[in-house]
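>>> sequence plus predicted model, see below.
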Amino acid sequence: MKNGYKVIWTDEAIKNLDTIIDYLESRWTEKEFKNFAKNLKGE
């Protein structure tokens, strides 16, 4: 479900997101991670 907000990512936010993604990929199942990525994209 889309909420009508547009998120603008700063360079620092992207850098931090990369670190978070690395952490989650190593601890979550592929299905959990794909669901997270899908929700993060707003799909």
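Sure, I can see it.

>>> now do stretch 21-38: distance from first to last residue.
13 Å (Cα to Cα, to the nearest Å).

>>> can you tell me which helix or strand of the protein has the lowest average pLDDT?
Every helix and strand in the chain was compared by mean pLDDT, DSSP states H and E; the lowest is helix 30-41, with a mean of 90.

>>> tell me the helices and strands packed up against the longest helix seen in the chain.
Across the chain, the helix with the greatest residue count (assigned by DSSP state H) is helix 11-27. Judged by 3 or more Cβ pairs under 8 Å, 6 or more residues apart in numbering; DSSP states H and E, helix 11-27 is in contact with helix 30-41. Where you see a C-beta, it was placed from the backbone N, CA and C, and this is true even at glycine.

>>> pLDDT weak spots in this protein?
1-3, 43 (pLDDT under 70).

>>> try 80 this time
1-5, 42-43 (pLDDT under 80).

>>> hmm, back to that, now do the least confident helix or strand of the chain against helix 11-27, angle only.
Orientation check (axes from the mean of the first three to the mean of the last three Cα atoms, to 10 degrees): helix 30-41 against helix 11-27 gives 160 degrees.

>>> so how far is helix 30-41 from its chain's centroid?
Taking Cα atoms, centre = their mean, to the nearest Å, one finds the center of helix 30-41 at 7 Å from the center of the full chain.

>>> residues making contact with it?
When contacts are defined by Cβ atoms under 8 Å, 6 or more residues apart in numbering, helix 30-41 is touched by residues Leu24, Glu25, Trp28.
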